[in-house]
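Peer 1: here is a sequence together with a model predicted from it:
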Amino acid sequence: MMRLRRAAFAVLLTGAIPAMAVAQEPAPSPSPTVSALVAPPPDNRPVIELSLEEAVKRTLENNADIAVQKYNPEFSDYGVRLLKGYYEPFFISTLGQRSNTSPASNAFAGAAAPNTRTLTYNFGALQNLPTGGSFEADFNNNRQTTNSVFSSFNPSFGSNFNLSFNQPLLRNFSIDSTRYQIKVAKKNFEISDVQFRQIVVNTVANVKQAYYDLIYALDNLSAQRKSLGLAQQLLEENRIKVRVGTMAPLDVVAAQSEVAGREANVIAAEAAVADAEDTLKRAMFTSNDPAEWSTRIVPTDRPTAEPVTVDVGAAVVNATQKRTDMQAARKSLESAEYGVSYARNQLLPALNLAAGYGTAGVGGTLIQRQGLGGPIIGTIPGGYGDAVSDVFARTYPTWTLTANLSYPVLNRQAGATAARARVSRDQQQATVHQLELQIVQEVRAAARAVDTNYKLVESTRAARVLQEQRLDAETKKFAAGMSTNFLVTQAQRDLAVAEVAELQAIANYRKSLVNFDRVQEAGVGGGGGNAVVSVRPPISTTTSATQQ
C-alpha cells in the first residue's frame with residue numbers, strides 16, 4: 001500500500017512541477033530542451049562544402065608533397081641525357097699563328113738569324129661510338145714563310161687529312177662504363193617515376209582517410225554535445241525536484257559533476273575537429289593565407305557501411321605484380337644484373353683494334369736557286385690549292401692497322417669486383433622475395449581489417465540501439481520514482497560511448513576499404529626496392545696500357 005502511494009505521489013508530482021516551481025520562485029524559466037542545450041555557438045567563419053571527390057581533386061592540384069616530388073622524375077631524366085651526351089659528336093678547330101727567330105748555329109741554318117712564321121688552321125671531328133670505340137677525322141693546314149735559303153717553297157702550304165678508328169674487341173665491347181651508367185640511369189628514371197606514382201597514390205589515400213576522420217570528428221562532436229545536453233537536462237530536472245523537496249541536494253552536485261565532465265568531452269571533441277580540418281587543409285591548400293586556414297570545411301558525403309566482397313587471392317596477385325614498391329624492387333634487380341654483366345666483361349683481356357688512313361699534300365711558290373742555297377734564278381707560282389689537290393688525290397697516302405692486347409696476370413681486382421656485383425645481385429633478389437612476403441601479409445591484413453571493421457559496425461550499431469532503449473527505460477523509471485539519478489546518468493554515458501563507438505566503427509570501415517585499395521597499388525615507402533641505384537660503375541681494372 002505504501003508503494004502505491006509513493007508511485008501515485010511521484011506521478012502527481014511530475015505533473016505539478018511547473019506549478020510548484022512558480023509557487024516557490026517568482027517567474028521561473030521553463031526547463032530547456034535538449035536541442036537548445038546542445039546548440040553549438042555561432043561560427044562566422046567562411047565555409048567550404050567539400051565532397052570526397054573534390055578533396056581528392058584539390059589535393060592532386062595543390063598538394064605540397066606532390067609538388068616537391070614531381071621534380072624527381074625530371075631530374076632523373078636529365079641524368080640520362082647527361083650520360084647520352086657522351087655519344088654526341090665533337091667538332092674541333094684550331095686557329096693560331098707562331099713566329100720563331102733563332103740564332104744560326106751552323107752553316108746549314110739557311111740565314112744569319114733564321115725566322116719562320118707559321119699560320120695554323122685545323123679542323124676535325126670526334127665521335128664516340130655505342131660499340132665502345134671511337135672515330136676521328138682531322139683536316140690540318142698551315143701556311144709557313146721563312147728567310148731560310150734552303151726552303152723550296154716560300155710561302156709553303158701544308159695539308160693532311162687523317163681518319164682514325166679504335167674499337168675494343170673483347171673487354172668493353174658488349175658493355176663499357178658509359179653504357180653501363182646509361183642503363184642504370186634509365187632504370188633510375190623508371191624507379192623515380194614509379195616512386196612518384198607511389199607518393200600520389202599514398203597521398204590520395206591519406207586524404208580520403210583524413211576526410212573520413214573529419215566526418216567522424218564532426219559526428220563525435222555532435223554526439224558529445226547531445227550527451228552534454230542530456231546531462232544538462234537531467235541537472236535542470238534535479239534542481240526542480242530539489243526545490244520542491246522531492247530530491248536531496250547531493251544528487252544535484254552529482255549531476256553538476258557529470259555536466260562538467262561532459263563539457264570537457266565537448267572541448268576535446270572541438271579540438272579534434274580543428275585538428276582534422278587542419279590535416280585536410282594541409283593536403284589541399286597551397287599557401288599560408290590565414291583566410292584559407294580559418295575556413296570551416298563541411299563534408300557533403302556521408303560514409304556508409306554497405307558490405308563489400310573482398311577477393312584476397314586476386315588482391316594478392318594484383319599487388320605482387322603491380323605494386324609500386326615491387327616494381328621499383330624489380331627494376332633495381334635489373335640494374336644489379338647490369339652491374340654483373342659489366343663486371344663479367346671486365347674479366348676479359350683488353351684487345352683493341354686501331355686503324356688509320358691519311359693523305360698529305362704540299363704547295364706554294366716553288367723557288368729555283370742556282371746551286372744549294374744560291375741566288376734565286378726563277379719561281380713557279382703555286383698556293384694552298386696545290387696542297388689540297390694532293391690531299392684529295394691521295395698522292396701521298398699513309399695507312400696503319402694495329403692490334404693491342406693486354407691482360408693482368410692474376411686479375412684479382414676484376415675478379416673481386418665481379419664477385420661483389422654477383423653478391424649485390426643476389427642480395428637484391430632476396431630483397432624482392434622478402435618484399436613479396438611483406439606484400440602478401442599486408443594485403444591479407446588489410447582484407448581482414450575490412451571484414452573485421454564491418455562486423456564491428458554491425459555490433460556497435462546493435463549496441464547503440466540497445467543503449468537507446470536502456471536510456472529510454474531508465475528515464476521513464478526515474479520519472480516514476482523507480483530509478484536513481486546515478487542509473488540515468490550511467491545510461492546516458494553508456495549511450496554516448498555506444499554512439500561514438502558506432503561512428504568510429506563506420507569511419508574505420510571506410511578507411512579500411514581505402515587502405516585495402518592502397519596496399520594493392522603502392523607501398524608506404526622505405527625498403528630495399530625503393531632506393532635509387534647508384535650509376536657509379538664497378539671499379540675498373542683498365543690501366544693506361546689497355547687504353548692504347
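Peer 2: Thanks, I have the structure now.

Peer 1: distance of Thr131 relative to Gly523?
Peer 2: 39 Å (CB to CB, to the nearest Å). The way it works is simple: take the backbone N, C-alpha and C, and place the C-beta from them, glycine included.

Peer 1: neighbour count winner among these two?
Peer 2: Gly523 (26 against 14; other CB atoms under 10 Å).

Peer 1: and that one, what pLDDT?
Peer 2: pLDDT, Gly523: 85.

Peer 1: would you say it is within a strand?
Peer 2: No. Assessed with DSSP: H, G, I helix; E, B strand; the rest coil, Gly523 is coil; it does not lie in a strand.

Peer 1: which one is it nearest to, not counting chain neighbours?
Peer 2: Asp325 (3.0 Å; CB to CB, 6 or more residues apart in numbering).

Peer 1: so the one you found is in which element?
Peer 2: helix 324-345 (DSSP states H and E).

Peer 1: what element comes up after that helix heading to the C-terminus?
Peer 2: strand 350-369.

Peer 1: quick one: strands adjacent to that next one?
Peer 2: Here strand 350-369 has these sheet partners by DSSP bridges: strand 153-168 (antiparallel), strand 376-380 (antiparallel), strand 396-406 (antiparallel).

Peer 1: winner for burial among these?
Peer 2: strand 153-168 (a mean of 19; mean count of other CB atoms under 10 Å).

Peer 1: centre of the chain to that strand, how far?
Peer 2: Mean-position distance between strand 153-168 and its chain equals 54 Å (CA atoms, centre = their mean, to the nearest Å).

Peer 1: okay, stretch 382-398 in PDB with CA atoms only?
Peer 2: Coordinates of the C-alpha atoms in stretch 382-398 are reproduced here as PDB (Å, rounded to 0.1, in the frame of the first residue of the first chain):
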ATOM      1  CA  GLY A 382     101.600  27.900-106.500                       C
ATOM      2  CA  GLY A 383      99.400  28.000-103.400                       C
ATOM      3  CA  TYR A 384      97.100  26.400-101.000                       C
ATOM      4  CA  GLY A 385      95.100  24.700-103.800                       C
ATOM      5  CA  ASP A 386      98.100  22.600-104.700                       C
ATOM      6  CA  ALA A 387      98.400  21.100-101.200                       C
ATOM      7  CA  VAL A 388      94.600  20.400-101.100                       C
ATOM      8  CA  SER A 389      94.800  18.700-104.500                       C
ATOM      9  CA  ASP A 390      97.500  16.400-103.300                       C
ATOM     10  CA  VAL A 391      95.400  15.500-100.200                       C
ATOM     11  CA  PHE A 392      92.200  14.600-102.000                       C
ATOM     12  CA  ALA A 393      94.000  13.000-104.900                       C
ATOM     13  CA  ARG A 394      95.600  10.700-102.400                       C
ATOM     14  CA  THR A 395      99.000  11.400-103.900                       C
ATOM     15  CA  TYR A 396     100.800  10.600-100.600                       C
ATOM     16  CA  PRO A 397      98.700   8.100 -98.700                       C
ATOM     17  CA  THR A 398      99.500   6.500 -95.300                       C
END
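
Peer 1: give me the mean pLDDT for that stretch.
Peer 2: In this model, stretch 382-398 has an average pLDDT of 87.

Peer 1: buried residues, it. List them.
Peer 2: Buried residues in stretch 382-398, counted by 16 or more other CB atoms under 10 Å: Gly382, Tyr384, Asp386, Ala387, Val388, Asp390, Val391.

Peer 1: now Ile48: which helix or strand?
Peer 2: Ile48 belongs to strand 47-50 when elements are defined using DSSP H and E.

Peer 1: and that strand, what other elements does it pack with?
Peer 2: Using 3 or more CB pairs under 8 Å, 6 or more residues apart in numbering; DSSP states H and E, the elements in contact with strand 47-50 are strand 296-299.
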